[in-house]
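Student: Turn this into a model:
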Amino acid sequence: MKYEKLAGEIVELVGGEKNVKSLVHCATRLRFVLKDVSKANKGKLERTEGVITVKESGGQFQVVIGNTVPEVYNAIGKISNLLTDSNKSDQASEGKKGSFFGRAVDVISSIFAPLLGVMAGAGILKGLLLIASNAGVLSPKETTYIILAAAADSLFYFLPVLLAITTARKFGGNVFTAVTIAGALLYPSIVALKAEKVATTFFGIPVTMMSYSSTVIPIILSVIVMSKLEKVCNRYIHESVKNFVTPLISLVVMVPLTLIVFGPIGVNVGNGIADAILAAFSFSPLIAGAILGASWQLLVIFGVHWGLVPIFINNVAVNGSDGIKPATTASVFAQTGAALGVMLKTKNKKLKTLAGSATLTALFGITEPAVYGVTLPLKRPFIAGIIGGAVGGAIIGQAGTKAFASGAPGLLTLPIFYGPGGEGFTGLLLGIAVAFVVSAALTYILGFEDPVEEEETQDTAEHARVAAGEEIASPLEGTVIPLSRVSDPAFSSEAMGKGIAIEPSAGKVVSPVNGTVVVAFKTKHAIGLVSESGAEILIHVGIDTVQLDGKFFHAHVKQGDQVKVGDLLLEFDLDKIREAGYQAVTPIIITNTANYTEIAATSELSVKEQDTLLKLSI
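Tutor: Numbering: from 1, shown residues only. This is a model prediction of the structure:
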């Protein structure tokens with residue numbers, strides 16, 4: 001219920017569902033592409049409980065949530081049509097506005113964000129296997145090692161297949177055709193042609209064979225073009241045959257085109273970029289590491305760090321390791337140290353709690369709560385983090401540390417930096433320790449403007465008093481039924497919360513409280529409210545009536561509306577619902593039951609609208 005409330009507020013404040021072109025999420029952010037950014041209320045969003053901050057970058061309107069972003073994202077899918085396939089397929093056609101740089105960042109983040117979680121997990125496992133092998137705990141020849149190595153390496157080997165899925169979703173292409181093209185690049189006979197160095201041609205056209213396992217650029221280019229080709233084919237091919245003729249044309253054209261053109265270009269471009277950056281590290285690893293350690297969090301803030309992600313992955317795929325990513329770890333631990341410094345220095349209880357939880361989260365690689373909620377708003381702690389990141393990055397760069405797998409920098413992913421012989425790993429540990437300590441110490445020494453502790457006002461005291469003795473009025477007229485007698489176990493078991501049920505005698509639902517409509521179901525059979533005192537109330541008309549898909553229901557309010565006790569919320573045709581074979585019994589649930597010590601139901605056998613139905617005690 002709380003996630004759906006937050007989801008509803010976010011969708012409303014970005015300008016409503018119709019203002020959203022596309023939506024994806026990464027580890028901590030909802031990444032919107034909006035039709036008109038001016039319609040979004042950025043200031044109110046930033047003040048919304050549950051939102052850490054809001055950033056505009058790379059053509060995206062980014063709402064930073066933190067670790068619960070998947071739950072909020074899923075809640076948006078429940079209360080809106082933003083996550084439907086039709087919405088996803090519109091992303092390519094609707095996302096053409098904005099600068100080239102902005103569109104490029106949007107494309108990269110949308111393609112790679114869905115893979116970050118599993119990529120980090122696989123990277124950690126790969127790092128642990130490297131440590132076990134170097135320590136002599138497991139031999140690479142043992143079957144245990146081989147099985148675990150398959151689990152760790154399969155993502156990276158079949159990376160083109162996974163990228164085919166996310167790229168097709170981004171550009172509205174057929175996912176299965178895209179995966180088939182990626183599979184062709186990894187097909188055993190194609191791999192054999194490369195290994196055997198056989199002269200390869202396609203109808204006389206020379207084909208330069210490349211190794212495509214773990215590659216990034218070739219399949220992305222191929223699927224983008226495939227998506228455009230599909231749209232052209234579907235425009236001119238008759239509907240009766242296009243379902244199989246379009247995939248046929250896509251496969252016949254795109255697989256050879258990828259092997260002849262996109263593959264060699266993509267691999268060579270990726271290698272060229274990687275070589276250029278590695279050359280900078282070769283010139284002065286200390287300076288390069290310091291620059292990257294200082295600037296990484298700035299790149300994250302503006303969302304442009306996505307441009308380096310394909311380079312990290314490409315380096316690991318081609319060279320077996322990456323020397324650029326390790327320095328970014330110093331930046332992560334530096335901001336973590338700065339957040340700890342704030343926690344130790346502040347006398348504000350709320351800020352101390354926030355800084356403490358943000359420090360713990362940042363240790364595992366999620367720095368947004370620490371940066372946006374603590375260090376950046378206070379300014380000097382963020383600067384202290386930049387200085388600490390530069391010092392730590394210089395140490396790591398000079399140590400020649402390498403990353404041997406992908407994963408967000410953090411405590412759990414440290415094993416990905418442990419390679420054969422452990423070379424550079426000690427330098428990494430020293431670098432992140434120095435970054436952490438320097439940032440924490442500088443934050444404590446330099447200080448910051450400590451927010452004044454808010455004293456409880458008469459209004460807040462009254463709010464607490466009202467909440468402690470809140471009464472919930474009856475939203476409809478009828479016979480009172482204990483929740484335990486409701487035929488649906490989701491309600492009768494009190495899994496959704498405590499409450500009461502009513503067998504209605506009239507087809508009208510009114511508001512039981514003064515408050516806000518936070519969930520207005522598209523099927524109109526249920527409605528969620530939050531009272532001014534914080535009680536979360538779900539009114540569910542009938543059992544399994546969601547299957548009526550709105551038939552026999554008429555809503556009078558929408559999500560976000562303010563309501564008073566007695567305001568008409570919805571009407572329903574009681575007789576038609578029963579004739580359709582559905583029970584009309586209506587549970588009224590307090591979904592945040594855990595906030596109350598007692599929820600007492602009326603002892604009356606029947607109630608009228610606005611009679612006292614429930615009493616809540618804290």
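
Student: contacting residues around the nearest residue to residue 345 once chain neighbours are set aside?
Tutor: Nearest in space to residue 345, with sequence neighbours left out and distances taken as C-beta to C-beta, 6 or more residues apart in numbering, is residue 444 at 5.2 Å. Glycine gets a C-beta too; all of them are placed from N, C-alpha and C. Applying C-beta atoms under 8 Å, 6 or more residues apart in numbering, we find residue 444 in contact with 341, 344-345.

Student: how close does residue 444 sit to residue 391?
Tutor: In this structure, residue 444 and residue 391 are separated by 16 Å, where distance is defined by C-beta to C-beta, to the nearest Å.

Student: Likewise for residue 323?
Tutor: Distance, residue 323 to residue 391, using C-beta to C-beta: 19 Å.

Student: Settle it for me: which of those two has more neighbours?
Tutor: Regarding residue 323 and residue 391, a neighbour count based on other C-beta atoms under 10 Å identifies residue 323 as having more, with 24 against 21.

Student: Confirm for me that that one is in contact with residue 315.
Tutor: Yes: the pair formed by residue 323 and residue 315 meets the contact definition of C-beta atoms under 8 Å, at 7.4 Å.

Student: Which residues are in contact with the spatially closest residue to residue 209 that is not a sequence neighbour?
Tutor: The shortest distance from residue 209 to any non-neighbouring residue, by C-beta to C-beta, 6+ apart, is to residue 194 (4.1 Å). The neighbourhood of residue 194, defined by C-beta under 8 Å, 6+ apart, consists of 209-211.

Student: Now with 10 Å, please.
Tutor: Applying C-beta atoms under 10 Å, 6 or more residues apart in numbering to residue 194 gives the contacts 200, 208-212.

Student: contacting residues around stretch 548-558?
Tutor: Applying C-beta under 10 Å, 6+ apart, the contact partners of stretch 548-558 are 8, 12, 507-511, 516-517, 520-527, 529, 541-542, 545, 563, 567-580, 582.

Student: how close does residue 40 sit to residue 80?
Tutor: When distances are taken as C-beta to C-beta, residue 40 and residue 80 turn out to be 15 Å apart.

Student: More neighbours: which of those two?
Tutor: residue 40 (22 against 19).

Student: That one contacts residue 46, doesn't it?
Tutor: No: Residue 40 lies out of contact with residue 46 (C-beta atoms under 10 Å); the separation is 11.0 Å.

Student: Need the residues touching each of those two.
Tutor: A shared contact of residue 40 and residue 46, defined by C-beta under 10 Å, 6+ apart, is any residue touching both; here these are 13, 54, 63.

Student: Could you grab the helix/strand/coil label for the second one?
Tutor: Three states are possible here, and by DSSP: H, G, I helix; E, B strand; the rest coil the one that applies to residue 54 is strand.

Student: Please tell me how far it sits from residue 559.
Tutor: When C-beta to C-beta is the yardstick, residue 54 and residue 559 sit 20 Å from each other.

Student: again with residue 422
Tutor: For residue 422, the distance to residue 559 under the criterion C-beta to C-beta works out to 55 Å.

Student: do residue 618 as well
Tutor: Counting by C-beta to C-beta, the gap between residue 618 and residue 559 amounts to 27 Å.

Student: These two: which is more packed in?
Tutor: Neighbours of residue 618 and residue 559, each counted by other C-beta under 10 Å, are more numerous for residue 559; the result is 23 against 14.

Student: wait, isn't the more buried one in contact with residue 520?
Tutor: Yes: contact status for residue 559 versus residue 520: in contact at 4.3 Å, counting by C-beta under 10 Å.

Student: intersection of neighbour lists for these two?
Tutor: Shared contacts of residue 559 and residue 520, counting by C-beta under 10 Å, 6+ apart, come down to 8, 79, 527-528.

Student: Please convert these to CSV, extending it with neighbour count.
Tutor: Formatted as CSV, the entries for the shared contacts of residue 559 and residue 520 read as follows, by neighbours: other C-beta atoms under 10 Å:
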residue, neighbour count
8, 24
79, 21
527, 24
528, 23
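
Student: Which of those residues fall within strands?
Tutor: 527-528 (DSSP state E).

Student: isn't residue 216 right next to residue 314, touching?
Tutor: Yes: with contact defined as C-beta under 10 Å, residue 216 and residue 314 form a contacting pair (5.6 Å).

Student: For the helix or strand containing residue 519, which outside residues touch it?
Tutor: Assigned by DSSP states H and E, residue 519 belongs to strand 515-520. Contact partners of strand 515-520, identified using C-beta under 10 Å, 6+ apart, comprise 1-2, 4-9, 75, 78-79, 511, 526-538, 555, 557-565, 567, 569-570, 591.

Student: can you pull the buried residues of stretch 518-526?
Tutor: When neighbours are counted by 16 or more other C-beta atoms under 10 Å, the buried residues of stretch 518-526 are found to be 518-521, 524-526.

Student: Which one of these is nearest to residue 24?
Tutor: Of all the buried residues of stretch 518-526, the one sitting nearest residue 24 is residue 519; the distance, using C-beta to C-beta, is 22.9 Å.

Student: What's opposite the closest one in the beta bridge?
Tutor: Beta-bridge partners recorded for residue 519 (DSSP bridges): residue 528.

Student: quick one: pLDDT of the residue nearest to residue 345?
Tutor: Residue 444 carries a pLDDT score of 94 in this model.

Student: mind checking how far the residue nearest to residue 209 is from residue 208?
Tutor: Counting by C-beta to C-beta, the separation of residue 194 from residue 208 is 10 Å.

Student: any common contacting residues for the two?
Tutor: residue 200.

Student: hang on, isn't residue 480 packed against residue 608?
Tutor: No: Residue 480 lies out of contact with residue 608 (C-beta under 10 Å); the separation is 11.1 Å.

Student: quick one, helices of the stretch 351-500 of the chain?
Tutor: 368-370, 376-378, 380-399, 425-446, 458-468, 489-492 (DSSP state H, counting those that start in this stretch).

Student: need those helices in TSV with distance to residue 154, can you?
Tutor: Below are these laid out as TSV (distance: least, C-beta to C-beta, whole Å):
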stretch	distance to residue 154
helix 368-370	30
helix 376-378	38
helix 380-399	29
helix 425-446	25
helix 458-468	52
helix 489-492	38
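
Student: Identify whichever of those helices lies nearest to residue 148.
Tutor: Each of these was checked against residue 148 via C-beta to C-beta, and the shortest separation belongs to helix 425-446, namely 20.4 Å.

Student: Now do residue 246 against residue 260, distance only.
Tutor: From residue 246 to residue 260 the distance is 21 Å (C-beta to C-beta).

Student: More neighbours: which of the two?
Tutor: Using other C-beta under 10 Å, the more surrounded residue of residue 246 and residue 260 is residue 246, with 20 against 17.

Student: pLDDT wise, what is that one at?
Tutor: In this prediction, residue 246 carries a pLDDT score of 92.

Student: could I get the buried residues of stretch 518-526 as JSON lines with distance to residue 487 and pLDDT?
Tutor: As requested, these are exported to JSON lines (distance: C-beta to C-beta, whole Å; pLDDT from 0 to 100):
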{"residue": "518", "distance to residue 487": "27", "pLDDT": "84"}
{"residue": "519", "distance to residue 487": "23", "pLDDT": "79"}
{"residue": "520", "distance to residue 487": "25", "pLDDT": "78"}
{"residue": "521", "distance to residue 487": "20", "pLDDT": "77"}
{"residue": "524", "distance to residue 487": "21", "pLDDT": "87"}
{"residue": "525", "distance to residue 487": "16", "pLDDT": "87"}
{"residue": "526", "distance to residue 487": "16", "pLDDT": "88"}
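
Student: which one among the residues you listed gets closest to residue 498?
Tutor: Nearest to residue 498 among the buried residues of stretch 518-526, counting by C-beta to C-beta, is residue 526 at 17.2 Å.

Student: is it true that that closest one touches residue 587?
Tutor: Yes: using C-beta under 10 Å, residue 526 makes contact with residue 587 at a distance of 9.3 Å.

Student: what residues are shared contacts of the two?
Tutor: Overlap between the contact sets of residue 526 and residue 587, as judged by C-beta under 10 Å, 6+ apart, is given by 538-542.
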